[in-house]
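[1] this is a predicted model, with the sequence first.
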Amino acid sequence: MEMNKLTVIQYLEERAADFYTLSDKIWENAEIRFKEKQSVQDYAAFLKDEGFTITVGIAGLKTGFRAEWGSGKPVIGFLGEYDALPGMSQKAGVCVKEPLASDGNGHGCGHNLLGVGALMGAVGLKHYLETEGKTGTVVFFGCPAEEGGSGKTFMAREGCFDQLDVAFSWHPNDCNMMPPGPVLANDSIRYSFTGKASHAAAAPEAGRSALDALELMNIGVQFLREHIPSSARIHYAITDTGGISPNIVQAHASALYQIRAPFAPELSELYERINNIAKGAAMMTDTQVEIKFLKGTSNTVLIPVLDEIMYKNMCEIPNPVERADDIAFAREIVRTQKSADQISENVFDLKPRPWNKKGNIPIPGSSDVGDVSWVCPVSQCGTSTWPVGTAAHSWQAVSCGKSDFAHKGMLYAGQIIAATAIDVCNNPEIIETAWKQLREKTGNHPYHCPIPPEITPELLESEIT
């Protein structure tokens with residue numbers, strides 16, 4: 001590895017405690033989508049000390065921000081997240097489910113680590129450009145509401161990423177790896193049925209049951225599942241059953257649906273098919289249905305030239321080394337999820353997994369990073385911050401969020417990102433190739449935001465909080 005990158009890697013390691021402290025602050029606040037005010041203040045204070053110029057409140061997002069340092073080309077973006085999950089409160093470093101607060105929030109997806117790890121990449125590149133006297137612009141984006149709010153999608157719609165040459169991010173994981181394929185495009189829709197109330201015994205013929213309509217819709221969707229691509233997903237939650245009195249024909253009922261597919265065109269087709277089922281259920285019950293699109297995210301577009309460089313850096317930078325107490329704690333965490341005969345000898349998976357260069361294995365999840373990847377070339381990795389087999393969005397992941405091995409995995413990610421950004425700065429042809437690959441992957445189609453212009457972050461916040 002080149003000496004200039006080694007110097008930056010060492011610099012980040014020397015400053016690791018500062019970043020660990022910030023990550024732990026974000027973990028302790030655990031603020032959910034659109035409400036990350038204290039987290040933004042903590043980031044702003046840190047970035048100001050680092051010499052960045054900060055703009056808070058972008059793209060209609062009160063808790064979104066842009067921090068910039070430097071000037072000229074290339075313009076390198078770093079994508080940070082800091083929102084938690086509702087109802088995921090959990091004490092750190094314990095191996096039993098033990099909430100800090102009843103119905104509190106928790107960082108079950110490790111965004112306290114994700115945002116600060118991306119910040120480490122930005123600070124590492126800044127240090128390199130400053131030390132070497134080179135031109136370049138470092139832009140760190142504070143991206144709120146990834147969980148259920150599609151913050152980056154709103155930001156992409158408003159052109160926040162249009163001036164970037166490339167962008168980088170990462171995600172906490174149970175292993176060190178490059179994405180084997182794209183994350184899925186995702187839409188959220190509310191289906192609300194309206195009928196007519198009446199006495200269920202004395203005058204059932206006068207009633208029109210919205211709950212019947214909703215149940216018929218759900219049944220129709222169950223039959224639909226057999227006839228969609230195996231990589232697509234449909235989830236739903238009934239949010240209004242029409243009341244608690246069985247002797248009243250329910251005049252209102254609603255459900256929140258999420259649908260996913262590997263590519264945006266497939267998702268659009270699936271959306272229309274589900275809409276037709278909802279309309280059919282309304283016709284069968286003589287009710288009305290309101291279909292309200294809430295938000296969406298695009299699939300990620302993988303850029304091989306960037307992923308190859310990031311993977312090379314992942315393999316060259318020394319892997320984190322777990323301590324004996326890390327292993328003991330990890331074993332106890334794994335025991336809460338698996339039986340004794342299922343626990344492998346190695347509770348950490350630290351050697352980088354082979355990179356799937358074809359990028360043809362869709363990841364069964366979604367992220368608003370996908371929308372950024374349609375606007376400019378993006379590369380991201382995953383690093384080990386919790387034991388093998390630990391599920392994201394679990395209390396176990398929250399418990400690991402302030403651990404020594406989580407900190408080390410975050411440092412490793414920050415070093416990988418910084419080293420990759422340095423490679424891009426030193427080799428302008430990489431940017432040219434990355435843009436060529438982006439155009440090829442998207443068929444030269446311009447980015448089309450899945451969120452209609454009439455939907456604002458404020459409207460979405462009022463709908464889902």
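    In hand now; what should we look at?
[2] alpha carbons only for contacts and neighbour counts from here, please
    OK.
[3] doesn't Val139 belong to a strand?
    Yes - assignment of Val139 by DSSP: H, G, I helix; E, B strand; the rest coil places it within a strand.
[4] wait, what's in contact with it?
    66-69, 75-78, 122 (Cα atoms under 8 Å, 6 or more residues apart in numbering).
[5] what's the closest of those residues to Val8?
    Ala122 (11.1 Å; Cα to Cα).
[6] the closest one and Ser169: what is the separation?
    10 Å (Cα to Cα, to the nearest Å).
[7] mutual contacts of the two, please.
    Common neighbours of Ala122 and Ser169 (Cα under 8 Å, 6+ apart) are Phe78.
[8] buried ones in the one helix or strand Glu332 maps to?
    Assigned by DSSP states H and E, Glu332 belongs to helix 324-335. Across helix 324-335, burial judged by 16 or more other Cα atoms under 10 Å covers 326-327, 329-331, 333-334.
[9] want to throw these into TSV with pLDDT?
    What follows is the buried residues of helix 324-335, written out as TSV (pLDDT from 0 to 100):
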residue	pLDDT
Asp326	91
Ile327	91
Phe329	93
Ala330	93
Arg331	91
Ile333	93
Val334	92
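[10] tell me which residue of the protein is furthest from the middle?
    Ala202 (51.3 Å; Cα atoms, centre = their mean).
[11] okay, and Ala434 sits in which element?
    helix 428-441.
[12] ok, and what's touching that helix?
    Against helix 428-441 from outside (Cα under 8 Å, 6+ apart): 165-166, 301-306, 374, 376-377, 424, 445.
[13] most widely separated two among these?
    Farthest pair in the contacts of helix 428-441, by Cα to Cα: Val424 and His445, 24.9 Å.
[14] more crowded one of the two?
    Neighbour tally, Val424 and His445, criterion other Cα atoms under 10 Å: the higher count belongs to Val424, 19 against 11.
[15] for the protein, just list every one of the helices.
    For the chain, the helices defined by DSSP state H cover 3-14, 16-29, 37-49, 111-132, 151-157, 210-224, 264-285, 304-316, 324-335, 369-375, 395-399, 404-426, 428-441, 457-464.
[16] relative to helix 404-426, how tilted is the second one?
    Using axes from the mean of the first three to the mean of the last three Cα atoms, to 10 degrees, the direction of helix 16-29 lies 120 degrees away from that of helix 404-426.
[17] helices or strands up against helix 16-29?
    Applying 3 or more Cα pairs under 8 Å, 6 or more residues apart in numbering; DSSP states H and E, one finds that helix 16-29 contacts helix 37-49, helix 111-132.
[18] of the ones you listed, which is nearest Pro453?
    Taking the helices and strands packed on helix 16-29 one by one with Cα to Cα, helix 37-49 is closest: 25.1 Å.
[19] quick one: that closest one to helix 16-29, angle?
    Using the same axes, to 10 degrees: helix 37-49 against helix 16-29 is 160 degrees.
[20] residues in contact with the nearest residue to Asn313 once chain neighbours are set aside?
    Distance criterion Cα to Cα, 6 or more residues apart in numbering; nearest residue to Asn313, sequence neighbours excluded, is Ile416 at 5.7 Å. By Cα under 8 Å, 6+ apart, the contact set of Ile416 is 121, 310, 313-314, 317.
[21] need those residues in JSON lines with neighbour count and distance to Ser231, can you?
    Listed next are the contacts of Ile416 as JSON lines, based on neighbours: other Cα atoms under 10 Å; distance: Cα to Cα, whole Å:
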{"residue": "Gly121", "neighbour count": "33", "distance to Ser231": "33"}
{"residue": "Met310", "neighbour count": "25", "distance to Ser231": "27"}
{"residue": "Asn313", "neighbour count": "20", "distance to Ser231": "31"}
{"residue": "Met314", "neighbour count": "27", "distance to Ser231": "28"}
{"residue": "Ile317", "neighbour count": "17", "distance to Ser231": "34"}
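[22] and of these, the nearest to Pro453?
    Gly121 (32.7 Å).
[23] Met314 versus the residue lying closest to the closest one once chain neighbours are set aside, what's the distance?
    Computed as Cα to Cα, 6+ apart, the closest residue to Gly121 that is not its neighbour in sequence is Ala418, at 4.2 Å. From Ala418 over to Met314 the distance is 11 Å, taken as Cα to Cα.
[24] Asp212 too?
    Distance, Asp212 to Met314, by Cα to Cα: 54 Å.
[25] among the helices and strands packed on helix 16-29, which is nearest Leu267?
    Per Cα to Cα, nearest to Leu267 of the helices and strands packed on helix 16-29: helix 111-132, 26.6 Å.
[26] so which bits of the closest one are buried?
    111-129.
[27] elements contacting it?
    Applying 3+ Cα pairs under 8 Å, 6+ apart, one finds that helix 111-132 contacts helix 3-14, helix 16-29, strand 75-81, strand 136-143, strand 166-173, helix 404-426.
[28] return the distance of it from the chain's centre.
    Its chain's average C-alpha position is 19 Å from that of helix 111-132, according to Cα atoms, centre = their mean, to the nearest Å.
[29] before we move on, back to that, including distance to Asn176, could the helices of the chain go into CSV?
    Below are the helices of the chain laid out as CSV (distance: least, Cα to Cα, whole Å):
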stretch, distance to Asn176
helix 3-14, 17
helix 16-29, 19
helix 37-49, 26
helix 111-132, 14
helix 151-157, 25
helix 210-224, 36
helix 264-285, 28
helix 304-316, 8
helix 324-335, 16
helix 369-375, 19
helix 395-399, 16
helix 404-426, 9
helix 428-441, 23
helix 457-464, 34
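[30] which of these sits closest to Asp103?
    helix 395-399 (12.6 Å).
[31] flag the shaky bits of this protein, pLDDT-wise.
    Residues of the chain meeting the criterion pLDDT under 70: 340-343, 463-465.
[32] give me the domain ranges for it.
    If you go by automatic domain parsing, the domain ranges for the chain are 3-182+299-441, 185-297.
[33] format those domains as TSV; extra columns: distance to Pro452.
    Formatted as TSV, the domains of the chain follow (distance: least, Cα to Cα, whole Å):
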stretch	distance to Pro452
domain 3-182+299-441	9
domain 185-297	8
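[34] deepest-packed of those domains, please.
    Counting by mean count of other Cα atoms under 10 Å, domain 3-182+299-441 has the highest mean neighbour count of the domains of the chain, with a mean of 21.
[35] how far away is the nearest residue to Gly359 once chain neighbours are set aside from Gly382?
    Distances taken as Cα to Cα, 6+ apart place Gly181 nearest to Gly359, at 4.1 Å, with adjacent residues excluded. Counting by Cα to Cα, the gap between Gly181 and Gly382 amounts to 13 Å.
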